[in-house]
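> Predicted model follows, preceded by the sequence.
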Amino acid sequence: MTMGSVKTGLAILCAAALMQGCGDDSHMAMDAGEDHVHTDDVATDGGADAAVDAGSDVTSDAASDATATGTAVEIRFEAAVGTAPFSCTTTFPQMGTSRATWTPLDFRFYVHDVELVPATGAPVPVTLDQDGTWQYRNVALLDFENASGTCSNGTTATNAVVRGRVDAPAGTRFTGLRFKLGVPQALNHQNPAAAPSPLNLSTLFWAWQSGYKFARIDGRAGTNAVNIHIGSTGCSGDAMAGTVTCSEPNRAQYALTGFDPTTNVVVADLAALLATTDVSRDQGGAPGCMSGLTDPECATILPAFGIPVGSAPATQTFFRVR
Amino acid sequence: MLRPITFALTVAAAALVAGCGGDDSATVTRPTELTAAPPPGFPAMRIPADNAFTREKAELGRYLFYDRRLSGNETQSCGTCHRQRYAFTDGRARALGSTMQDHPRASMSLVNVGYTVTLTWANPSVRQLERQALVPMFGESPVELGLAGMESVMLDRLRADARYQTMFRAAFPGQSEPFTLDNVTKAIATFERAILSADSPYDRYQRGDRSAMSASAVRGMDLYFGERLECFHCHGGFNLTDAVITAATRIEETPFHNTGLYNLDGMGAYPAGNTGVHEITSNPADMGRFRAPTLRNIAVTAPYMHDGSIATLDGVLDHYAAGGRTIASGPNAGVGSASPLRSEFVRGFVLSPSEREDLLAFLRALTDQSLLTDPRFADPFGRE
């Protein structure tokens, strides 16, 4: 137990140090109710990957060692398209720069290293319930498609809630949320054929990149397929020897303010994600954005996730608090 | 003149053969069952600790490799694109998936693939056969077997077959539920490790049978291993490729080369969607870098190169003789020999007509005929 809290403390320190690195810590605390820009932990600098992943490792160890103590928390997510709720049985007009009509095909993403930020004091890691289905160690799958309508390649089961416990006095008031997109480095390159749920879904395998699709948001605008598959790219090394490193880890990191888990939800807004992209035609590379740095669609979609392309900083627009 | 490397191999092979029972005749008895034991002259294979080779696993893997229930619409198996008679390639320029989607690249030979350090044409991170198998099964761009989202459907299909009930239990003894994706990939990989070939005329010549190759092929071998043509730099060693890994490997090398096959823009660009290692790393320096495939059985694996863009071995020699191919017109026009990214070992050379015949005779001497018909590797369903 003592060990556990030491480890947890270390994770917070690491995370805090990283956030500081982003340079907008103070700004973050101020305007409640707005989401904030966070540069991806690693995309700009391969060297930072190690630091972040070391942090993840510590957290995941803590998660698997910890017995279920602390205060239960639920972090609710919602998939939306602008003001409309996401659904597989309807189409969505006015998407992207060409105002195209979107036919949804899939909407799923992984998050990890979830932390709640109290009104005062340091962020507290959420130790995820090991539910055997949606959550494993420090990673959770959020799944908004239900295999109905046009989402025929999906799964009927859905999940919009991250459940866990925080080591904080009962009645602590939280005002912010932090999490990272995707599967942590420590789990991303293990053998998916032998992985536990939710890391065993073949539609989220990304075998040619030796990892997982962190986000899979597919759709069609007219006849134009737009597949948004975000994951680590530029990977080399030997997965079984645990030596895979990726030049573009693409684990965007989010810090949302004005978030109280008892009253707020995190909205993942597809219309906002695609606002600056022309979805009606593919301008090259993979259909949509499969995380390729030179894919024209990725030039606008990756930054909307908070993943910079090139030297320009990225302002995430996908998540907001409601 | 033989290169020293060839000499060393010959000596080692002879010693090995001699070691196995004191008979140093060049004829080697082919194994009668699937095995990953190194053929004469080959080093031991690196096999993952969690997937030890067993005959039962390899035999199960053979069935799975050829079983069309391993595709979403039950029209294709691994064996559809990796056909024994073509040394486990498919005879097409580019592969065609189960949903009729074109693959951007050509199928690859699986001969001696257990010794390959990086799998597929140009991917530095796909290292294990177990992991590679997930790509054709679940990949969606392009779709090959088209199983994404259907892993339990596929496992149910297998479970319902009485033969697999016996075979899975024999291959994975003591497991209460052996029908898992992990076991499917382990069995297939085990079969792949057994696809071993070392009985071409060239191998027999190496083992001391001086009558195994014609005089012309022997002259071709000297050209191949000579500094003028440089083929052996990238297609050398026991598997005729530099991209090998063995049980003894401690320092892994993962070589990739740009042979000047394309030069779209004067800067060395390759056609979009087939840019080699660059497709994975986005690093401009990786443009056009591909793994040198083994040249074993090369006479039966036409058409050639990653995109099947060269129809014949003669055409391949033209490409290397020019120090990189020139395409005069069309969307891929460009002068490969002027590519700044081309390997320094692709420099061009002049071959007399008889030298060209000799080199082709040598390349044809790399075909192991018995491999193409060995019943141990054949489709148990009798279709492919």
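Arrived safely, thanks for sending.
> what does the stretch 151-300 of chain A have sitting close to chain B?
Residues of the stretch 151-300 of chain A lying near chain B by CB under 8 Å from any CB of the partner chain: A:153-155, A:191-194, A:200-203, A:205, A:207-210, A:227, A:233-240, A:244, A:247-248, A:284-287, A:290, A:292-294. All C-beta spots, glycine's among them, are computed from the backbone N, C-alpha and C.
> Please indicate which of these are buried?
Of all these considered here, the ones buried according to neighbour count by 16 or more other CB atoms under 10 Å in any protein chain shown are A:153-155, A:191-194, A:200-203, A:205, A:207-210, A:227, A:233-240, A:244, A:247-248, A:285-287, A:290, A:292-293.
> Which of the residues you listed fall within strands?
Judged by DSSP state E, strands contain the following of those: A:Phe205, A:Asn227, A:Thr233, A:Gly234, A:Cys235, A:Ser236, A:Ser247, A:Glu248.
> Pairing partners for the fifth one in the sheet, please.
Legend: beta-bridge partners of A:Cys235 under DSSP bridges are A:Cys246.
> contacting residues around it?
The contact partners of A:Cys235, taken as CB atoms under 8 Å, 6 or more residues apart in numbering or on different chains, are A:His189, A:Gln209, A:Ser210, A:Gly211, A:Val244, A:Thr245, A:Cys246, A:Ser247, B:Pro124, B:Ser125, B:Ile280.
> so how far is A:Trp208 from it?
Here the criterion is CB to CB, to the nearest Å. By it, A:Cys235 lies 10 Å from A:Trp208.
> between the contacts of A:Cys235, which is nearest B:Met100?
Taking CB to CB as the measure, B:Met100 sits nearest to A:Gln209 out of those, at 24.8 Å.
> I'd say the closest one and B:Pro124 touch.
No. Counting by CB atoms under 8 Å, B:Pro124 is not a contact partner of A:Gln209; they are 11.0 Å apart.
> tell me, what's touching these two both at once?
Common neighbours of A:Gln209 and B:Pro124, using CB under 8 Å, 6+ apart, are A:Cys235, B:Ile280.
> now the helices for the stretch 51-200 of chain B?
B:55-65, B:78-81, B:129-132, B:134-138, B:151-159, B:162-171, B:181-194 (DSSP state H, counting those that start in this stretch).
> could I get the ones you listed as JSON lines with mean neighbour count, mean pLDDT and distance to B:Pro39?
Conversion of these to JSON lines gives the following (neighbours: other CB atoms under 10 Å in any protein chain shown; pLDDT from 0 to 100; distance: least, CB to CB, whole Å):
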{"stretch": "helix B:55-65", "mean neighbour count": "23", "mean pLDDT": "98", "distance to B:Pro39": "15"}
{"stretch": "helix B:78-81", "mean neighbour count": "25", "mean pLDDT": "98", "distance to B:Pro39": "22"}
{"stretch": "helix B:129-132", "mean neighbour count": "24", "mean pLDDT": "96", "distance to B:Pro39": "18"}
{"stretch": "helix B:134-138", "mean neighbour count": "25", "mean pLDDT": "97", "distance to B:Pro39": "27"}
{"stretch": "helix B:151-159", "mean neighbour count": "17", "mean pLDDT": "97", "distance to B:Pro39": "31"}
{"stretch": "helix B:162-171", "mean neighbour count": "16", "mean pLDDT": "98", "distance to B:Pro39": "24"}
{"stretch": "helix B:181-194", "mean neighbour count": "25", "mean pLDDT": "98", "distance to B:Pro39": "11"}
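> For these, could you give me TSV that also reports distance to chain A?
What follows is the helices of the stretch 51-200 of chain B, written out as TSV (distance: least, CB to the nearest CB, whole Å):
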stretch	distance to chain A
helix B:55-65	13
helix B:78-81	14
helix B:129-132	6
helix B:134-138	4
helix B:151-159	5
helix B:162-171	15
helix B:181-194	4
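> Just give me the residue closest to the centre of chain B.
B:Ser109 (3.6 Å; CA atoms, centre = their mean).
> residue contacts, it?
B:His82, B:Ala87, B:Phe88, B:Thr89, B:Pro293, B:Thr294, B:Arg296, B:Asn297, B:Thr301.
> Would you check how far apart it and A:Gln190 are?
In terms of CB to CB, B:Ser109 sits 29 Å off from A:Gln190.
> what number of residues lie near residue 84?
Picked chain A for this. By the criterion of other CB atoms under 10 Å in any protein chain shown, A:Ala84 has 13 neighbours.
> wrong one, I was asking about chain B
Other residues near B:Gln84 come to 20 when the count uses other CB under 10 Å.
> Please name the nearest non-neighbouring residue to it.
In this structure, B:Gln84 finds its nearest non-sequential neighbour in B:Phe377, 5.4 Å apart by CB to CB, 6 or more residues apart in numbering or on different chains.
> swap in B:Leu359?
Using CB to CB, 6+ apart and skipping the chain neighbours, the partner closest in space to B:Leu359 is B:Gly220 (4.4 Å).
> Quick check: that neighbour touching B:Arg356?
No. Counting by CB under 8 Å, no contact exists between B:Gly220 and B:Arg356, whose distance comes to 9.0 Å.
> who has more neighbours, the two?
It is B:Gly220, of B:Gly220 and B:Arg356, that has more neighbours when counted by other CB under 10 Å, with 25 against 17.
> Need the pLDDT of residue 46.
All of this refers to chain A. The confidence metric pLDDT takes the value 28 at A:Gly46.
> Let me rephrase: I mean chain B.
96.
> Secondary structure element holding it?
B:Arg46 belongs to no helix or strand when elements are defined using DSSP states H and E.
> Could you pull up the residues touching it?
For B:Arg46, the contact set (CB under 8 Å, 6+ apart) comprises B:Gly114, B:Ile245, B:Thr246, B:Ala247, B:Thr249.
> ok, the first one - contacts?
Contacts were defined as CB under 8 Å, 6+ apart; by that measure B:Gly114 touches B:Ala36, B:Met45, B:Arg46, B:Ile47, B:Leu129, B:Glu192, B:Arg193, B:Ala194, B:Ile195, B:Leu196.
> rerun at 10 Å
B:36, B:38, B:42, B:45-47, B:53, B:129, B:189-190, B:192-196, B:239, B:245-246 (CB atoms under 10 Å, 6 or more residues apart in numbering or on different chains).
> Check what pLDDT it gets.
Note on B:Gly114: pLDDT of 98.
> which sections of the stretch 1-150 of chain A are below the confidence cut-off?
Counting by pLDDT under 70, the ranges of the stretch 1-150 of chain A that qualify are A:1-68.
> the strands in it, which residues?
A:71-81, A:84-85, A:92-95, A:100-104, A:108-118, A:124-128, A:135-136, A:139-143 (DSSP state E, counting those that start in this stretch).
> So what's the gap between the third one and the chain middle?
What it means is strand A:92-95. On the basis of CA atoms, centre = their mean, to the nearest Å, strand A:92-95 is displaced by 24 Å from the centre of the chain it belongs to.
> For that strand, which helices and strands make contact with it?
With contacts defined as 3 or more CB pairs under 10 Å, 6 or more residues apart in numbering or on different chains; DSSP states H and E, the packing partners of strand A:92-95 are strand A:71-81, strand A:100-104, strand A:215-221, helix A:270-273.
> highest average neighbour count across the ones you listed?
With neighbours defined by mean count of other CB atoms under 10 Å in any protein chain shown, none of the helices and strands packed on strand A:92-95 is more surrounded on average than strand A:215-221, at a mean of 25.
> Can I get that one as CSV, trimmed to CA atoms?
C-alpha atoms of strand A:215-221 as CSV (Å, rounded to 0.1, in the frame of the first residue of the first chain):
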residue,chain,number,x,y,z
ALA,A,215,-9.4,6.0,-32.3
ARG,A,216,-11.5,4.6,-35.1
ILE,A,217,-14.1,7.0,-36.4
ASP,A,218,-15.3,6.0,-39.9
GLY,A,219,-17.8,7.4,-42.1
ARG,A,220,-18.8,8.3,-45.7
ALA,A,221,-19.6,11.6,-47.3
